[in-house]
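Asker: here is a sequence together with a model predicted from it:
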Amino acid sequence: LARARAVGCEFDKMIPLAKDGSLSARRQAMGWMYDKQLVHALFEQAPERYSERNGGYCRVLQTLPRKGDNSKMGIIELV
């Protein structure tokens, strides 16, 4: 669950970069995600999907504990 929350914070940093859409923002995103096609898809789809939203782009849902070691599990969902 802690890792899911940490990844969710990174998503919340990447989507405003995609909404900005500048070359500088694209290079900052490439510094974190190394796949050019993934960055291109993010910068193409995020501005229209999250145009009226100002924050809170992802949600971490807590699920049942994992069998074996009973650790907390979570699902990351883009809102």
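Answerer: Looks like it came in fine. Computed from a predicted structure; not experimentally measured.
Asker: how many neighbouring residues does Leu17 have?
Answerer: Neighbourhood size, Leu17 [other CB atoms under 10 Å]: 20. In short, each C-beta sits where N, CA and C put it, glycine included.
Asker: and Ala29, by the same measure?
Answerer: Ala29: 20 neighbours (other CB under 10 Å).
Asker: quick one: it from Leu17, how far?
Answerer: 5 Å (CB to CB, to the nearest Å).
Asker: ok, which stretches of this structure are strands?
Answerer: 58-62, 74-78 (DSSP state E).
Asker: for the first one, what is the average pLDDT?
Answerer: Within the predicted structure, the mean pLDDT of strand 58-62 is 89.
Asker: buried stuff in that strand?
Answerer: Using 16 or more other CB atoms under 10 Å as the test for burial, strand 58-62 gives Cys58, Val60.
Asker: what packs against that strand?
Answerer: Counting contacts by 3 or more CB pairs under 8 Å, 6 or more residues apart in numbering; DSSP states H and E, strand 58-62 is packed against helix 2-20, strand 74-78.
Asker: no more questions from me, cheers.
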